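Participant: Sequence isn't available, so here's the structure alone:
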């Protein structure tokens, strides 16, 4: 296996200097890459910042660990790079020495097609096979990776990054610093049909748009549908994982986080800072208050108040959900108790047989 | 926020004329866009066609509402555009004044690659970075948006619209007026392997195709796999939402509607007009009769008769499912009743203590 | 309907010769396509290799069946092609006479963009609108279908096939004979954020990569995220269906099989030969031992031992899960038994009323 992507190629002393830490052990030890205990080789630097990592590190061949203030002194010739915050140090190394995100050169690649009426900001970077439609506007320094499609009249802010094959539909609007991962589809039609007496589905026109606030990040192959006639909204700072579906006319607040595989049916509304676990779903039109937590694998059918914590299928307040689960687990015991009562009553005079 | 996409830019009187309705109030009021109560500005036209919208409209700054026959007379200087059917009027405005779907110019974009043996109908519109394989046939007036891939021997009907980056695999067949949203994949291999005694998986060739009937619509990033050797079928008028997976050899009837996140395992069959809620799934080979309803978040493991309504994990007839849920909710009460019986029997002579 | 894709166009005798079988009936019968009973026409060859197919075949107009040794002699003028293994014969016919997978001509299509620093093996086939980044390496005979994006420093083995619009992110590594279906995204960022006291999410850099072993196959629109700083791993021979999400730092063993719609949260680990049913999910960090089976529609929250079989939400050992389900189903009976006990005790002296 080739070495891991954060290419250190420096001594323990140099890494410690970069991180504002100090070396305990062999300061001249030359380090190769940043690696977790289970995957590290002898020359890798292994960060230890969780209890699990501490346990795994015992069988790890690496000779140098990146540790925080509380980690015990080195043993067996292991070298330590000790820093104030081992987890933050990982990010410092990742930013300084990790591979940068792919990005086209500034300008328009000759194999891109940009409509003459589109307006491009300064330093915009457009890769090959990108299509930018009529009157679309792309903000300063925004990068469009290969195969991105921006349809007519779309507006994309500054410092955005659209990974390969992202689609931004006509009229949709993105704020600044929006990061869309590969395969994201913004602005497909909402799922709206009118059913006639024969059971045939007649399309309800979907001509609204999607508006994503600043600092939104959306995971690979996630889709956000356009509204029926006005806006599907994703608030500033909201983060969606991969494979999420956001239906038409949904409104997500600011700083919401939604894990993978979630399905938000049309017209539902989530307040600010809502957290939603993976594989959960909201039914059509559900309203969820600020700061609510929606458990993974839950189906939210009813509104959830601000600060609420719900789970289950259908979702209930967590304490209720927990008790219901517990009761279910104790059902065999309950059955046994009933059988015992029946045995006693079957003896006709329980008063004489208190066993 | 820029105004919503249905750009009215007309007076209340002009809108009323367009809709065959009449104005109650200021006929000269100039209107900007169609907007729902929660998102409207003072110059927007707000349709009120549900009870929820009626409630929301009280705090809405818009000065003009689009209402049906039963809506009460205007108050507080609000202007009404009164029509026979407020919801239908939304669609009329969306069609007349909403932004049109993006569509390449008729002809083949110079940055498309169409195999010389492919056959294109009249008025076909092929955008940049579209690839059309050998012997593929594209029907009259069909549009292929940027990045669409049509593989060899595929057949696409007339008046279809394939949104950006749709893939239609070799040999697959689409009827007329098929609408595929961005990222749809028609004709990837079915998931078929033979497992040997060592647990290794040996691929079963997947060389069949997918046939989509007329008027099928499929949501963004949904996938429909090709059959093992004959056909995966999606019947006329059937509508699939985003993020649905249709396995190999599945057969869907006509006018079926399937909501987001559904998973149909291989070989399952759904009759005509089946409705399936979001995040549900059918196990391999399940057969569902015409007009059945499959609840959201359900796992259908057994066949469902025509007209059946099932829900739950695993799915059961709805009435049974509902009772089971209710029993679960009443478990704490049942436990309490058993405890009370135990208390009474513990007193040796329940006849003397009827409390 | 046009005929099914396995174009036989041979007599029963010729097909029998190809399969090493023999004809019982009309050896000169000319056959059109391979078709299942429900979809076959009179001139199709219908394989009968399951009990279900045997039942369906009674109403099937086809005049020729492909059968195994145990199938009864022909009736009513039906012709049989009898072989040692009817199911294996399907695959033989599919390979010999089915349509081949689409594949670009060897070489680089003029409408592809390959960075001059990329290294291409012998016989590499690169289709139109493919983008290959700096220093990427593509192994011998590997095919990249239209619209594939390979980012910088990615390494792809020999004899791989990347279907249309696959994305392989920077630094990611694929073994030999890897088959990725349309829309697959390898190497999008993991979903990692640090939440501050105000509830804002701060991105944790995701600079690791994804490594796919030899003979991995991944279904349409499935995503595998890059690790935070080292590797997300998918072992040799592992097969993922469509619409699966694999989070950052996940490690999948060899010969794992995962059905559609599954969600693997970050850092979870599955051993060799694990089987996972559709629509299931593993929580963050869960560890699953070799040869375990994870039921469909299950949520795996706790570690599963080697050889374990779990199901349910949350997942439990299967036997426990099964009993819990059964207890739930018997709840109405339990309630009735408690009511009966109450009735008896309500009569004050149950000893005198044994009814």
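Facilitator: Sure, I can see it. Quick caveat, the model's predicted, so the values are computed rather than measured.

Participant: CA only for contacts and neighbour counts going forward, please
Facilitator: Will do.

Participant: number of nearby residues for residue A:51?
Facilitator: As a burial measure, the neighbour count of residue A:51 was computed by other C-alpha atoms under 10 Å in any protein chain shown and equals 9.

Participant: Show the pLDDT at it.
Facilitator: Reported pLDDT at residue A:51 in the predicted model: 78.

Participant: For residue B:234, see how far away it is.
Facilitator: The span separating residue A:51 from residue B:234 equals 51 Å under the rule C-alpha to C-alpha, to the nearest Å.

Participant: pLDDT-wise, which helix or strand of chain A ranks last?
Facilitator: Counting by mean pLDDT, DSSP states H and E, the weakest-scoring helix or strand in chain A turns out to be helix A:51-56, with a mean of 79.

Participant: Quick check: next helix or strand after it?
Facilitator: Reading on from helix A:51-56 to the C-terminus, the next helix or strand found by DSSP states H and E is strand A:64-67.

Participant: and residue A:126, bridged to which residues?
Facilitator: The residues paired with residue A:126 through beta bridges, assigned by DSSP bridges, are residue A:108, residue A:144.

Participant: Give me the pLDDT for it.
Facilitator: In the predicted model, residue A:126 carries a pLDDT score of 98.

Participant: Flag every buried residue along stretch A:115-126.
Facilitator: Residues of stretch A:115-126 classed as buried under the neighbour-count rule (16 or more other C-alpha atoms under 10 Å in any protein chain shown) are A:118-121, A:123-126.

Participant: could you redo those as CSV and give each row secondary structure and distance to residue C:303?
Facilitator: Formatted as CSV, the entries for the buried residues of stretch A:115-126 read as follows, by DSSP: H, G, I helix; E, B strand; the rest coil; distance: C-alpha to C-alpha, whole Å:
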residue, secondary structure, distance to residue C:303
A:118, coil, 53
A:119, strand, 53
A:120, strand, 51
A:121, coil, 51
A:123, coil, 49
A:124, coil, 47
A:125, strand, 45
A:126, strand, 45
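
Participant: With respect to chain C, which of these is nearest?
Facilitator: The shortest distance between chain C and any of the buried residues of stretch A:115-126, using C-alpha to the nearest C-alpha, involves residue A:126 and amounts to 12.9 Å.

Participant: can I assume the closest one is in contact with residue A:145?
Facilitator: Yes - between residue A:126 and residue A:145 a contact is recorded at 6.5 Å, counting by C-alpha atoms under 8 Å.

Participant: Mutual contacts of these two, please.
Facilitator: Both residue A:126 and residue A:145 are in contact with residue A:104, where contact means C-alpha atoms under 8 Å, 6 or more residues apart in numbering or on different chains.

Participant: Tell me which two in the buried residues of stretch A:115-126 are the farthest apart.
Facilitator: For these, the farthest-apart pair by C-alpha to C-alpha is A:118 and A:123; their separation is 14.8 Å.

Participant: hang on, the earlier thing: is it possible to get JSON lines of the buried residues of stretch A:115-126 that adds distance to residue C:26?
Facilitator: Output for the buried residues of stretch A:115-126, formatted as JSON lines (distance: C-alpha to C-alpha, whole Å):
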{"residue": "A:118", "distance to residue C:26": "68"}
{"residue": "A:119", "distance to residue C:26": "71"}
{"residue": "A:120", "distance to residue C:26": "71"}
{"residue": "A:121", "distance to residue C:26": "74"}
{"residue": "A:123", "distance to residue C:26": "74"}
{"residue": "A:124", "distance to residue C:26": "70"}
{"residue": "A:125", "distance to residue C:26": "67"}
{"residue": "A:126", "distance to residue C:26": "64"}
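
Participant: Mind splitting chain A into its structural domains?
Facilitator: Split into domains by automatic domain parsing, chain A comes to A:7-97, A:107-318, A:328-352.

Participant: Save the ones you listed as JSON lines, and put in distance to residue B:131 too.
Facilitator: Putting those into JSON lines (distance: least, C-alpha to C-alpha, whole Å) gives the following:
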{"stretch": "domain A:7-97", "distance to residue B:131": "38"}
{"stretch": "domain A:107-318", "distance to residue B:131": "12"}
{"stretch": "domain A:328-352", "distance to residue B:131": "56"}
